[in-house]
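K.L.:
Show me how the following folds:
(2 chains)
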Number of protein chains: 2
Amino acid sequence: MITEGMIDALLTLPYGLHIVTSHDEGKVNGQVANAVCQVTAEPPKMMICIHKGNLTHEYISKSSVLAISVLEQETPMTFIGLFGFKSGRDVDKMSETKWEKGVTGAPVVMDHAVTVFEGKVVDECDVGTHTLFLAEIVRAERVKEAPPLTYAHYRAVRHGKSPKNAPTYHPPSGEEKAERSGTGMKKYVCDVCGYVYDPAIGDPDNNIAPGTAFESLPDDWVCPLCGAGKSDFSVQQ
Amino acid sequence: MITEGMIDALLTLPYGLHIVTSHDEGKVNGQVANAVCQVTAEPPKMMICIHKGNLTHEYISKSSVLAISVLEQETPMTFIGLFGFKSGRDVDKMSETKWEKGVTGAPVVMDHAVTVFEGKVVDECDVGTHTLFLAEIVRAERVKEAPPLTYAHYRAVRHGKSPKNAPTYHPPSGEEKAERSGTGMKKYVCDVCGYVYDPAIGDPDNNIAPGTAFESLPDDWVCPLCGAGKSDFSVQQ
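P.N.:
As a prediction, the model looks like this:
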């Protein structure tokens, strides 16, 4: 059982946030992944950790190819919400995204990408809820000069959360629940994804200025992370 | 074969820099590792990628336990040099370090640690030159409130390099070789580890002020990363 102390400790591990994509018989899909790293230099090989329940896992298993897009720091939360908090079984994520067919046949997401990689799966390792895919890198390309998005930036600056199928998922801690907005106005938490609306910050991606109370948000405002409506939010206890 | 374009792309992947330690019949050792990540939440499990030729690999294989110390951003280069560029077969690294025996029996490095973990190896995956150790986390503790050291900070701000057994190792690129110091004075590169002495920066860890030419360094000055002497440095071409 994971404890709050363990969660606090695990959050100090530095990661990036990437989009991992694959395909199966003309269908394409992708998801956010943080547990992605180079594991050997000769030959250049990467490890990608994906939850077994995810559609992207199914596609990688079937096609044995994948692509990775290292996201830029300024990636909008709605983009992360689309790829991180929605399933390709419910939504056609790639139709809302600029991508191109890669040399391996895998779809390569170009939107907000600093770097793109393509890999051929040469081995995999079952680690329980997730699989580690080992992929030999067949393409690696820098597409934009911009700092990459780190998990620390996503959490601390953008107030992002991890979805249930992430290796880093954990239920909200007591400390997080006890946080209060600096404005004295109430914070609201999304019951779907855990995103916290903080009136002190507003929602800059969607032109909501700092100092805007949750109650004053337009009726058609949606969670910038997962797209849930205002009625899916509760006052943070 | 890894190409310069591939190296440039791979350097955009965010990582931390950690010390991974283990033991064998009373002997203790540790090394720097960057390819370390959480791979499942239930149970909490981590992956640690270690080169097969390293002494730490031998100890983890024999004892099936390990510890991880997430380093703080301000970790001195000499500390990284000791654990990253020297072998435990040549030097008793742990005798120069504050550590304690953990609950698993593994030595836990406390010097410059933001967080410490201990794990029991439950599986491993052979990926060629390296092994991925899968460890169930049995201890996780925050020991210091400080930002963790990232690989990007180590490279960009501290001018650090990767040793030959790192998953991220690559020979110096043409672009790196062509760099010139902003002072007009010559830069010198360590033939052992690749560290670059830049007169514009000096060596703050060892009280060498910015603006100090390589030629003016004291005769007993050594490479802050690997401990090589001045005679092991060459003018950067």
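
K.L.:
pLDDT wise, what is the residue with the largest distance to the centre of chain A at?
P.N.:
Most distant from the centre of chain A: A:Gly184, at 30.2 Å, with distances by Cα atoms, centre = their mean. You'll see A:Gly184 listed with a pLDDT of 79.

K.L.:
Next up, the contacts around it.
P.N.:
For A:Gly184, the contact set (Cβ atoms under 8 Å, 6 or more residues apart in numbering or on different chains) is empty. Every residue, glycine included, has its C-beta placed from N, CA and C.

K.L.:
which SS state does it fall under?
P.N.:
coil (DSSP: H, G, I helix; E, B strand; the rest coil).

K.L.:
ok, so what distance separates it from A:Ala200?
P.N.:
9 Å (Cβ to Cβ, to the nearest Å).

K.L.:
do A:Trp99 as well
P.N.:
36 Å.

K.L.:
hang on, A:Ile60 in a strand?
P.N.:
No: per three-state DSSP, A:Ile60 lies outside any strand segment and is helix.

K.L.:
That one reaches A:Val121, doesn't it?
P.N.:
Yes: look at A:Ile60 against A:Val121 with Cβ atoms under 8 Å: they come within range, at 6.4 Å.

K.L.:
Looking at those two, which is more packed in?
P.N.:
A:Ile60 (27 against 19; other Cβ atoms under 10 Å in any protein chain shown).

K.L.:
what sits against that one?
P.N.:
Counting by Cβ under 8 Å, 6+ apart, A:Ile60 has contacts A:20, A:22, A:48, A:50, A:66, A:121, A:133.

K.L.:
confidence score at it?
P.N.:
For A:Ile60, the pLDDT comes out at 98.

K.L.:
Please apply the same query to the one 5 residues further on.
P.N.:
Listed pLDDT for A:Val65 reads 98.

K.L.:
Quick one: residues contacting the closest residue to it other than its chain neighbours.
P.N.:
Distances taken as Cβ to Cβ, 6 or more residues apart in numbering or on different chains put A:Thr104 closest to A:Val65, at 4.0 Å, once the chain neighbours are dropped. Taking Cβ under 8 Å, 6+ apart, we find A:Thr104 in contact with A:65-67, A:118-120, A:138-139.

K.L.:
rerun that using 7 Å as the cut-off
P.N.:
Taking Cβ atoms under 7 Å, 6 or more residues apart in numbering or on different chains, we find A:Thr104 in contact with A:65, A:118, A:120, A:138.

K.L.:
Give the helix, strand or coil label for A:Ile68.
P.N.:
strand.

K.L.:
May I ask you to confirm that it is in contact with A:Ala113?
P.N.:
No: using Cβ atoms under 7 Å, A:Ile68 is not in contact with A:Ala113; the gap is 9.2 Å.

K.L.:
My reading is that A:Asn165 is in a helix; is that accurate?
P.N.:
No: counting by three-state DSSP, A:Asn165 falls outside a helix, being coil.

K.L.:
how much space is there between it and chain B?
P.N.:
Look at A:Asn165 and chain B: by Cβ to the nearest Cβ, to the nearest Å, they are 9 Å apart.

K.L.:
For that residue, which residues are in contact?
P.N.:
Here A:Asn165 is in contact with A:51, A:53-54 (Cβ under 7 Å, 6+ apart).

K.L.:
try 6 Å this time
P.N.:
Residues in contact with A:Asn165 (Cβ atoms under 6 Å, 6 or more residues apart in numbering or on different chains) are A:51, A:54.

K.L.:
next one: A:Thr75
P.N.:
With Cβ under 6 Å, 6+ apart, A:Thr75 has these contacts: A:112, A:149.

K.L.:
SS state for it?
P.N.:
coil.

K.L.:
For it, what are phi and psi?
P.N.:
phi -60, psi 130 (degrees, to the nearest 10).

K.L.:
Can you check the pLDDT for it?
P.N.:
92.

K.L.:
Equivalent analysis for A:Lys45, please.
P.N.:
As predicted, A:Lys45 sits at a pLDDT of 97.

K.L.:
Any idea what it is bridged to?
P.N.:
In this entry, A:Lys45 is beta-bridged to A:Thr40, A:Glu136, by DSSP bridges.

K.L.:
in terms of contact, does it touch A:Glu136 like I think?
P.N.:
Yes: with contact defined as Cβ atoms under 6 Å, A:Lys45 reaches A:Glu136; the gap is 5.3 Å.

K.L.:
neighbour count winner among the two?
P.N.:
Shown here are A:Lys45 and A:Glu136; by other Cβ under 10 Å, A:Lys45 has more neighbours (22 against 16).

K.L.:
tell me which parts of chain A are close to chain B?
P.N.:
A:2, A:6, A:8-10, A:12-14, A:16, A:35, A:37-41, A:44, A:49, A:70, A:114-115, A:125, A:127-130, A:134, A:140-142, A:148, A:150, A:167-169 (Cβ under 6 Å from any Cβ of the partner chain).

K.L.:
Quick check: strands, which of these are part of them?
P.N.:
A:37-40, A:49, A:70, A:114-115, A:125, A:130, A:134, A:140-142 (DSSP state E).

K.L.:
Quick one: name whatever helix or strand follows the worst-scoring helix or strand of chain A on mean pLDDT.
P.N.:
Lowest on mean pLDDT, DSSP states H and E among the helices and strands of chain A sits helix A:174-178, with a mean of 47. As assigned by DSSP states H and E, the chain's next helix or strand after helix A:174-178 is strand A:188-190.

K.L.:
by contact count, what packs against that next one?
P.N.:
If you count contacts as 3 or more Cβ pairs under 6 Å, 6 or more residues apart in numbering or on different chains; DSSP states H and E, strand A:188-190 packs onto strand A:233-235.

K.L.:
Pull the distance from the strand it packs on to the chain's centre.
P.N.:
23 Å (Cα atoms, centre = their mean, to the nearest Å).

K.L.:
Mind listing what's buried along it?
P.N.:
Residues A:Phe233 are the ones in strand A:233-235 that count as buried (16 or more other Cβ atoms under 10 Å in any protein chain shown).
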